[in-house]
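# Sequence and predicted structure below; questions after.
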Amino acid sequence: MTKKIFWEDPYLTQLDTLMTSVKDTDVTVEQTIFFPFSGGQESDYGTIGDRRVLQARTEGREIVYTLENGHGLKPGDQVSMKIDWERRYKLMRLHFAAEIVLELVYQKLGPIRKVGAHIAQDKARIDFEWDENISKVFPVIQKEALGMIEANQEIISAFSDEEKEKRYWEIRGFAKVPCGGTHLKKTGEIGEIELKRKNPGKGKERIEIYVSGNSISFAPDPAKLQPLLSFPGSNGL
Ligand SMILES: [Zn+2]
């Protein structure tokens, strides 16, 4: 079983590891920082032993990487793994922006049902079953999300069940949500967020989420650290 270093340290961009299995172009490694397509978040881009990774996918709890034909690697080889950090960090910022937006949507619109989510490098989206125009709640969501970003709150990420590799994130006083993604350490890293509404079909509403500007670490402003309403949190993305 590949050890998932991207959970221990989601900011690591290079790692020395060992090849553990090779089946034609599909390989596995002992330890990894390379996040596979999972939970709606797109896969990292990068290399293993300087060979380009064409695909990274989960198989049960294992992660399988597909390399190009004729890669020449064999089990036991020591390799260096590298990821495209610019892409990963953008995915992490959009992922967490989506986490916060989703929780706020549940808080404002009660029984609304999420039916899909996707996080790409340029934008994230969340789809809902909902009969009204969802953009009605955008002003309040944007305001509250901005308040959290400016307050630069700590994001805790940990195992709820290490044996089963179940993980969660938590912002104290806001939400605790199951998710096996790679998460930021502080909300200030998200930067500015922008929401757009799409109406993908009758009874369906889509929120597109964009982040812009630099990821800024704001100095905490005590005036913004007023207690937020406690909310148990949803089932996440
Ligand atoms: Zn997450």
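Structure received.
# Can you pull the residues of the chain lying near the ion?
Cys179, Gly181 (Cβ under 5 Å from the ion). C-beta: built from backbone N, CA, C; applies to glycine.
# Quick check: buried residues in the top helix by length along the chain?
Among the segments of the chain that qualify as a helix by DSSP state H, the longest is helix 85-109. Judged by neighbour count using 16 or more other Cβ atoms under 10 Å, the buried positions of helix 85-109 are 87-107, 109.
# Run through who's touching the very next helix or strand once past it.
Downstream of helix 85-109, the next assigned helix or strand under DSSP states H and E is strand 113-119. If you take Cβ atoms under 8 Å, 6 or more residues apart in numbering as the criterion, strand 113-119 is touched by 40-42, 91, 94-95, 98, 102, 124-130, 204, 234, 237.
# Swap in 10 Å and give it another go.
Strand 113-119 has contacts (Cβ atoms under 10 Å, 6 or more residues apart in numbering) with 39-42, 90-99, 102, 105-106, 124-130, 181, 200, 203-207, 209, 234-237.
# Now do it against helix 85-109, angle only.
Counting by axes from the mean of the first three to the mean of the last three Cα atoms, to 10 degrees, strand 113-119 lies at 170 degrees to helix 85-109.
# Could you check strand 113-119 and say which residues are buried?
Result for strand 113-119 [16+ other Cβ under 10 Å]: buried residues Lys114, Ala117, His118, Ile119.
# re the thing from before, just list what the longest helix of the chain packs against, helices and strands only.
strand 46-48, strand 113-119, strand 124-129, helix 138-150, strand 166-171, strand 175-178, strand 192-201, strand 204-212 (3 or more Cβ pairs under 10 Å, 6 or more residues apart in numbering; DSSP states H and E).
# Using TSV, please lay out those together with mean pLDDT.
Shown next, in TSV, are the helices and strands packed on helix 85-109 (pLDDT from 0 to 100):
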stretch	mean pLDDT
strand 46-48	96
strand 113-119	95
strand 124-129	97
helix 138-150	96
strand 166-171	97
strand 175-178	96
strand 192-201	92
strand 204-212	96
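# quick one, what contacts Gln78?
Here Gln78 is in contact with Asp16, Thr17, Leu18, Met19, Glu30, Gly49 (Cβ under 10 Å, 6+ apart).
# let me redo that: Ala124
Per Cβ under 10 Å, 6+ apart, neighbours of Ala124: 40-41, 91, 93-99, 101-102, 117-118, 193, 207-211, 237.
# which residue packs closest to the residue nearest to the spatial centre of the chain, ignoring adjacent ones?
In the chain, the residue lying closest to the centroid (Cα atoms, centre = their mean) is His95, at 3.8 Å. Take His95 and drop its neighbours on the chain: the residue closest to it by Cβ to Cβ, 6 or more residues apart in numbering is Ile119, 4.9 Å away.
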